[in-house]
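> return atomic coordinates for the entry below.
(2 chains)
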Number of protein chains: 2
Amino acid sequence: MKLTILFGGASFEHEISIVSAITLKEKLTNFDLTFIFCDSDHTFYLIEASKMKAITFSKGEYKKMPTLELSQGSFVQKSMFSKKEYSDVVLNLIHGGDGEDGTISSLLDFYAIKYIGPRTDASVFSYDKVYTKYLCDAIDVKSVRYEILTKSEHKDITLSYPVIVKPARLGSSIGVTIVKEESQMDYALDTAFEFDETVIVEPFLEGVKEYNLAGYKSNGEIKFSIVEEPQKEEFLDFEKKYMDFSRSEQVLKAEIPEELVLKLQTNFKKVYDGLFDGALIRCDFFVHDDEVLLNEINPIPGSMANYLFEDFATALEELSSSLPQKKRIASSYEYIHSISKAKGK
Amino acid sequence: MKLTILFGGASFEHEISIVSAITLKEKLTNFDLTFIFCDSDHTFYLIEASKMKAITFSKGEYKKMPTLELSQGSFVQKSMFSKKEYSDVVLNLIHGGDGEDGTISSLLDFYAIKYIGPRTDASVFSYDKVYTKYLCDAIDVKSVRYEILTKSEHKDITLSYPVIVKPARLGSSIGVTIVKEESQMDYALDTAFEFDETVIVEPFLEGVKEYNLAGYKSNGEIKFSIVEEPQKEEFLDFEKKYMDFSRSEQVLKAEIPEELVLKLQTNFKKVYDGLFDGALIRCDFFVHDDEVLLNEINPIPGSMANYLFEDFATALEELSSSLPQKKRIASSYEYIHSISKAKGK
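Prediction:
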């Protein structure tokens, strides 16, 4: 299968996207892959598969590679006398800002390029943790209680400690702090406000169980991955985080009762239906006091959560053949013609 | 003041956007205006001010004008040996699809072009009437009760007649029907489903009062327009609708108590704050049984609701100098460098 992997982006998760792309190159050996890198200046580069190494980006070597422009239906490589079009299905693998906030989806929609990834509305609801809470309330999915703090307005929280402090709009646990007592709060807020104007505070639930479930829709039906119980650590240091985004070995199923699997799947379906068509997403759930709570929606999970699928290649193929495409409305000049007629012109 | 008016778009409101743009040309005589037209194929054209007439578009004459491309910081007119950049603040005047659904805002953000108009998240919450309901619930603004119907799932409504049936994602009352009794419901649904997969049904409130209020934020403070009580008609025929989008005379203030004005402003502020920065929006309210209900958010109102402002030119100038701009995150290769170091490479 032909697939274009779009990665990079101007975001705090720029590097993580590179790691994800390299991982997928290693995972999808039977695919005919094209790699398009978006650098932090928002220039697109065509990257040769053999150059898909971290050093190509960290040393700026990608700047010697051909640039691409967006055009209707494709990315285009223009030279003096020729034009080469790249019009395969795009896998949007830009994590965080640009990729997950609705920018890239809108760009691809505008240029009528088919893509795997969340559409613009789905991006808005998953990128901003406050809007994820709005969504949960609306579709009747339980989530952790929360309070919102903004940079401009100082107020005390009413939650009791320990709490977890997160910038509203970042993934990969960047800027996140677990605050055990009030004296640590100012520092945690300063850290979070470095990344966003809005911060979300939640109780830090002791003894909570975590479960991750991924899935996608194909032919009107949701296909679920296995459920994973991720290894829990209070903080991931850089190496562990890097490892987390370069996972490519299938993990073991969590040993949980079938009833809980069904509960997680039911909640996943409520989140996915009518909003995430075209995307392979990972929902991270908590189970606390026998209740399933949605913690986070990852609409472009690290290395596409390939390690949760028994047959990841087939998953991407099925999803590729079920992509929604924004209807392009032809213009009509009915009103203008009628008015002109009425005026006798 | 220099301003670029971006209009057209591939949407059912394509013509209405043209009418809006022509109206603003007539209204903003002291501005140095540039006109950029987006046709339904998503090609941008530079339109000479003297050609800003309905006929230029309805007869396809715009196709003879220079095309523009998006580039970092500007729209660019390229010819064999030269390149002219248009980098003034853009007024996004594309009503409906493209302009109000987050596509154009994302495009302008990606290319770092400053613009007046809703950002991508604000677009998503105002374009889809279902998401507007989610927002209302979350920010504690009252709205009319509703039920959602989808094309794929048939169910009966529990609301009693008369009801109003609307496609979830269209403005300008396209596809909207007032249904007086059950026998008319199928026809109304067929009409609405022509335009969207999702339809919203609300009780048609008899004896409701309607009030429109526009505003924008400048230097951290919301500036309100006057409140208008729009003339009410069950249906607007094409000529009235056309008139509605070409209004340029300031209207009279609604004769309502100051207390009600304050209530409307309070609700407007709840909607605007933290979401609509950079936009001049019009909120359409109902007052029913002494309750203020939000009916609709118009994030790009027809002809920018110029007729509601005593000094519309100043409003645009103030807004232009208070535009948010998406922070561009520089890329860092901290993780990759650390990993390489640890590996001794």
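
> rest of the way, CA atoms for contacts and neighbours
Noted.

> got the residue ranges for the helices in the stretch 51-200 of chain A?
Counting by DSSP state H, counting those that start in this stretch, the stretch 51-200 of chain A forms helices over residues A:54-58, A:103-110, A:120-127, A:129-139, A:185-193, given from the N-terminal end onward.

> got the residues of chain A near chain B?
For chain A, the residues in contact with chain B under the definition C-alpha under 8 Å from any C-alpha of the partner chain are A:10-12, A:14-15, A:39-42, A:54, A:58, A:72, A:98, A:102-104, A:106-107, A:109-111, A:120-121, A:124, A:134-135, A:138, A:238-239, A:242, A:328-333, A:335-337, A:339.

> picking that back up, got the helices of the stretch 51-200 of chain A as TSV, with mean pLDDT columns?
Converted to TSV, these look like this (pLDDT from 0 to 100):
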stretch	mean pLDDT
helix A:54-58	94
helix A:103-110	98
helix A:120-127	97
helix A:129-139	96
helix A:185-193	92
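
> switch these over to CSV; also include mean neighbour count.
Listed next are the helices of the stretch 51-200 of chain A as CSV, based on neighbours: other C-alpha atoms under 10 Å in any protein chain shown:
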stretch, mean neighbour count
helix A:54-58, 17
helix A:103-110, 25
helix A:120-127, 26
helix A:129-139, 19
helix A:185-193, 17
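
> number of nearby residues for the closest residue to chain B within the stretch 201-345 of chain A?
In the stretch 201-345 of chain A, the residue found nearest to chain B is A:Ile329; the distance is 5.1 Å by C-alpha to the nearest C-alpha. Other residues within reach of A:Ile329 by the criterion other C-alpha atoms under 10 Å in any protein chain shown amount to 16.

> just checking, it touches B:Ser11?
Yes - using C-alpha atoms under 8 Å, A:Ile329 makes contact with B:Ser11 at a distance of 5.1 Å.

> spit out the residues that contact these two alike.
Shared contacts of A:Ile329 and B:Ser11, defined by C-alpha atoms under 8 Å, 6 or more residues apart in numbering or on different chains, comprise B:Ser40.

> does A:Thr150 have beta-bridge partners, and which?
In this structure, A:Thr150 has beta-bridge partners A:Thr198, where bridges are defined by DSSP bridges.

> would you agree it is in contact with A:Glu197?
Yes - contact criterion C-alpha under 8 Å: A:Thr150 and A:Glu197 qualify, at 5.7 Å.

> so what does the helix or strand containing A:Lys217 touch, helix or strand wise?
A:Lys217 is part of strand A:209-218 when elements are defined by DSSP states H and E. Judged by 3 or more C-alpha pairs under 8 Å, 6 or more residues apart in numbering or on different chains; DSSP states H and E, strand A:209-218 is in contact with strand A:221-228, helix A:258-272, strand A:281-288, helix A:312-320.

> about what we covered before: want to throw the helices of the stretch 51-200 of chain A into CSV with distance to A:Ala315?
CSV is the format used below for the helices of the stretch 51-200 of chain A (distance: least, C-alpha to C-alpha, whole Å):
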stretch, distance to A:Ala315
helix A:54-58, 26
helix A:103-110, 20
helix A:120-127, 20
helix A:129-139, 26
helix A:185-193, 36
